[in-house]
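*Asks:* Below are the sequence and a predicted model; questions follow.
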Amino acid sequence: MARWINKLQARWGLPNTFQVIIVLLVFACTGTTVLLLKRPLFNWLFPDGVRPLWASITYYVLILPVYNVFLLIYGALFGQFRFFWEFEKRFFSRLFRKRRGADQV
């Protein structure tokens, strides 16, 4: 199998290649879902086709939590909820952790 799959397997601590493929499939489904929801949502909210700037800004602010919710949903559907729950916890701990030395400036 490809070396990159082996690297992902080691990085994510997954027991086999099949599980790596499932995890990649979950990421693909999540991204596709978020992408495919944008246009119908905006067409429903703004039927005249004019999209105000605040709508785009709001979309980009809300996309992170929406993406993460879908990631957990697809993870559960594909039997990988535990992996994605741990993935989310690591992601948000890195996102919101305090930086060392920032208080001492």
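*Replies:* Thanks, I have it.
*Asks:* helices or strands up against the helix or strand bottoming out on mean pLDDT in the chain?
*Replies:* One helix or strand of the chain scores below all others by mean pLDDT, DSSP states H and E: helix 81-96, with a mean of 89. Packing partners of helix 81-96 (3 or more CB pairs under 8 Å, 6 or more residues apart in numbering; DSSP states H and E): helix 17-45, helix 53-77. Using the backbone N, CA and C atoms, a C-beta is placed for each residue, glycine as well.
*Asks:* helices and strands around the last one, which ones?
*Replies:* In terms of contacts (3+ CB pairs under 8 Å, 6+ apart), helix 53-77 is packed against helix 17-45, helix 81-96.
*Asks:* just to revisit the earlier point, quick one: the helices and strands packed on helix 81-96 as a markdown table, columns for mean neighbour count, distance to Phe83 and mean pLDDT too.
*Replies:* Listed next are these as a markdown table, based on neighbours: other CB atoms under 10 Å; distance: least, CB to CB, whole Å; pLDDT from 0 to 100:
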| stretch | mean neighbour count | distance to Phe83 | mean pLDDT |
| --- | --- | --- | --- |
| helix 17-45 | 14 | 6 | 93 |
| helix 53-77 | 13 | 7 | 92 |
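*Asks:* Redo the helices and strands packed on helix 53-77 as CSV? Include distance to Phe70.
*Replies:* Converted to CSV, the helices and strands packed on helix 53-77 look like this (distance: least, CB to CB, whole Å):
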stretch, distance to Phe70
helix 17-45, 5
helix 81-96, 10
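*Asks:* among those helices, which is nearest Arg51?
*Replies:* Minimum separation from Arg51 across the helices and strands packed on helix 53-77 (CB to CB) falls at helix 17-45, 5.8 Å.
*Asks:* about what we covered before: so which of the helices and strands packed on helix 81-96 gets nearest Arg90?
*Replies:* That would be, of those and by CB to CB, helix 53-77, which comes in at 12.0 Å.
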